[in-house]
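**Student:** Build me a model:
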Amino acid sequence: MYRFEDLKIWDKAMEIVQMVYELSAWFPQEERYGLTSQIRRSAISVPSNIAEGAGRNINGEFKNFLGIANGSSNELLTQLVLSHRLNFAKENEVLPIIERVKEVRKMNYSLTKSLIKTN
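**Tutor:** Sure, this is the predicted structure:
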């Protein structure tokens with residue numbers, strides 16, 4: 001069991017959530033229940049699954065939750081690209097978030113790999 005608050009990956013994922021909320025606040029009002037809701041849910045899913053997995057007693061379970069977080073990261077990347085393609089956000093607004101998501105994916109991979117070694 002890990003203290004999720006001490007994990008750098010969790011902290012970086014929380015920063016992404018904040019960035020996504022700030023970005024999506026400017027999306028068109030008619031997207032409130034569409035892309036705005038979806039992109040926020042994907043962003044929130046990443047640190048939430050890291051936290052839930054960290055609270056499990058078995059590394060294998062933590063690894064499964066990291067897999068879900070990774071899937072949500074990929075979903076978020078897709079939605080960030082889409083928000084730019086739909087002209088809801090400028091490239092210079094989405095690129096810093098995309099880079100952070102990619103960084104969290106790399107951290108996720110490394111953490112997952114370390115959990116496999118300790119089993």
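**Student:** Would you list the phi and psi of residue 33?
**Tutor:** phi -100, psi 0 (degrees, to the nearest 10).
**Student:** before we move on, what about residue 89?
**Tutor:** According to degrees, to the nearest 10, residue 89 has phi -150, psi 150.
**Student:** State the pLDDT value of it.
**Tutor:** With respect to pLDDT, residue 89 scores 98.
**Student:** for the residue lying closest to it once chain neighbours are set aside, what are its contacts?
**Tutor:** In this structure, residue 89 finds its nearest non-sequential neighbour in residue 83, 4.6 Å apart by CB to CB, 6 or more residues apart in numbering. Backbone N, C-alpha and C define where each C-beta goes, glycine included. The contact partners of residue 83, by CB atoms under 8 Å, 6 or more residues apart in numbering, come to 23, 24, 27, 35, 39, 89, 94.
**Student:** now swap in residue 16 and tell me
**Tutor:** Neighbours of residue 16 in contact, by CB under 8 Å, 6+ apart: 43, 46, 47, 76, 97, 100, 101, 104.
**Student:** Please, which helix or strand holds the fourth one?
**Tutor:** Using DSSP states H and E, residue 76 sits in helix 59-85.
**Student:** average pLDDT across that helix?
**Tutor:** For helix 59-85, mean pLDDT rounds to 97.
**Student:** Likewise for stretch 7-24?
**Tutor:** So the average pLDDT for stretch 7-24 ends up being 98.
**Student:** Can I get that stretch in CSV, CA atoms only?
**Tutor:** The C-alpha trace of stretch 7-24 is given here as CSV (Å, rounded to 0.1, in the frame of the first residue of the first chain):
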residue,chain,number,x,y,z
LEU,A,7,3.5,9.9,-5.4
LYS,A,8,4.9,12.4,-8.0
ILE,A,9,2.8,10.8,-10.7
TRP,A,10,-0.4,11.6,-8.7
ASP,A,11,0.7,15.2,-8.1
LYS,A,12,1.5,15.7,-11.8
ALA,A,13,-1.9,14.2,-12.8
MET,A,14,-3.6,16.5,-10.4
GLU,A,15,-1.9,19.5,-12.1
ILE,A,16,-3.2,18.2,-15.5
VAL,A,17,-6.8,18.1,-14.1
GLN,A,18,-6.4,21.8,-13.1
MET,A,19,-5.1,22.7,-16.5
VAL,A,20,-7.9,20.9,-18.3
TYR,A,21,-10.5,22.6,-16.1
GLU,A,22,-9.0,26.0,-16.9
LEU,A,23,-8.9,25.2,-20.6
SER,A,24,-12.3,23.7,-20.9
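**Student:** Cool, thanks, talk later.
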